[in-house]
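Trainee: Mind folding the following:
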Amino acid sequence: MPFDLRFERIKKRARSDDMTGIDELKKRDEREKGWGLEKAMALADITINNTHSIEEFQEEIRKLFRTV
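Mentor: So this is what the prediction gives:
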């Protein structure tokens with residue numbers, strides 16, 4: 001998912017533990033890469049596009065379940 005879109009969604013959800021600046025999100029991303037998240041994602045057999053509406057995301061999930 002594009003970085004800017006991720007940050008916008010984080011700001012909209014307004015949870016108390018959310019980062020307040022782009023630099024904080026970048027630091028979290030780097031920390032998670034250090035834990036191997038990037039490698040795990042590269043090994044995934046399936047990826048789901050989550051750059052549109054919640055309804056489109058849910059439809060992607062339904063399609064996935066129909067094919068598995």
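Trainee: all contacts plus neighbour counts: C-alpha atoms, from now on.
Mentor: Noted.
Trainee: and Lys63, helix, strand or coil?
Mentor: With DSSP: H, G, I helix; E, B strand; the rest coil as the basis, Lys63 sits in helix.
Trainee: Rounded mean pLDDT for stretch 59-68, please.
Mentor: For stretch 59-68, the mean pLDDT works out to 91.
Trainee: How far off centre is that stretch?
Mentor: 18 Å (Cα atoms, centre = their mean, to the nearest Å).
Trainee: If you count neighbours, what's buried in the helix or strand hosting Glu55?
Mentor: Using DSSP states H and E, Glu55 sits within helix 54-67. Of the residues in helix 54-67, none has enough neighbours to count as buried (16 or more other Cα atoms under 10 Å).
Trainee: Check what contacts that helix and list those residues.
Mentor: Where contact means Cα atoms under 8 Å, 6 or more residues apart in numbering, the residues beyond helix 54-67 that reach it are Ile48, Asn49, Asn50, Thr51.
Trainee: Go again with 7 Å.
Mentor: Judged by Cα atoms under 7 Å, 6 or more residues apart in numbering, the contacts made with helix 54-67 from elsewhere in the structure are Ile48, Asn50.
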